[in-house]
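**Student:** 3D model of this:
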Amino acid sequence: MRRAARAADNDVRQAGEAGKARAEDALRESRENYDALKTSAQEKVAASRQKVDESRHDLTERARQTAQEAQAKFDQYKNAAEQSLVDARRTSERKYEETKDAAARRADEAKDAGNSWFSWGQSKVDETKREGAQKAAEDAEEVRKRAERHA
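**Tutor:** Okay, here's the model as predicted:
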């Protein structure tokens, strides 16, 4: 009986050790699986972060390029508008000078018409000056309107 009890104790002990060994193996295998999954997840997170960083860099660079292109277009339009204003100013000044010169010529011609026609000539000079001034004002207004349309 003692032998049977010892044999039973021995069988129980062996079964316990075998169960313990199986549990330890299962625990070790679970830890290995956990570590492998953890490593895989960390690699995927790192890859995702890298893709996000690359995308952010690409988007930032595209935004910077777009801003530079927009600034260049703005500068181009601004320069064109400034040039139009300069051209309009030159045209206006030239028209004014031409009209003023024409009025002065007409005035001189009227003065030279003769003493007998002095009073008539004086009124003609005044009329010519008024017409010349009116023409200059109209030309200047026209140039200003064109400059506003182009600006």
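**Student:** nearest residue to the middle of this protein?
**Tutor:** A67 (3.2 Å; CA atoms, centre = their mean).
**Student:** next one: phi and psi at that one?
**Tutor:** A67 has phi and psi values of phi -60, psi -40 when expressed as degrees, to the nearest 10.
**Student:** run through the residues that contact it.
**Tutor:** Listed by CB atoms under 8 Å, 6 or more residues apart in numbering, the contact set of A67 is empty. (Each C-beta comes from the backbone N, C-alpha and C, glycine too.)
**Student:** what of Q134?
**Tutor:** Applying CB under 8 Å, 6+ apart, no residues qualify as near Q134.
**Student:** again, 10 Å this time
**Tutor:** Residues counted as contacts of Q134 (CB atoms under 10 Å, 6 or more residues apart in numbering) are 99, 103.
**Student:** distance check, it against Q83.
**Tutor:** As defined by CB to CB, to the nearest Å, Q134 lies at a distance of 29 Å from Q83.
**Student:** ditto for E97
**Tutor:** Taking CB to CB as the measure, E97 falls 21 Å from Q83.
**Student:** swap in D58?
**Tutor:** Taking CB to CB, one finds D58 at 37 Å from Q83.
**Student:** average pLDDT across stretch 66-79?
**Tutor:** Per-residue pLDDT over stretch 66-79 has a mean of 95.
**Student:** go on, stretch 30-37?
**Tutor:** 90.
**Student:** shaky segments in this protein?
**Tutor:** Scanning the chain for pLDDT under 70 picks out 110-122, 124-125, 151.
**Student:** can you do 50?
**Tutor:** For the chain, applying pLDDT under 50 flags the ranges 115.
**Student:** now the helices for it?
**Tutor:** 2-111, 118-150 (DSSP state H).
**Student:** what's the angle from the first one to helix 118-150?
**Tutor:** Spelled out, that is helix 2-111. 170 degrees (axes from the mean of the first three to the mean of the last three CA atoms, to 10 degrees).
**Student:** how about the contacts made by Q76?
**Tutor:** So Q76 contacts nothing (CB under 10 Å, 6+ apart).
**Student:** I'd like the distance between it and A70.
**Tutor:** 11 Å.
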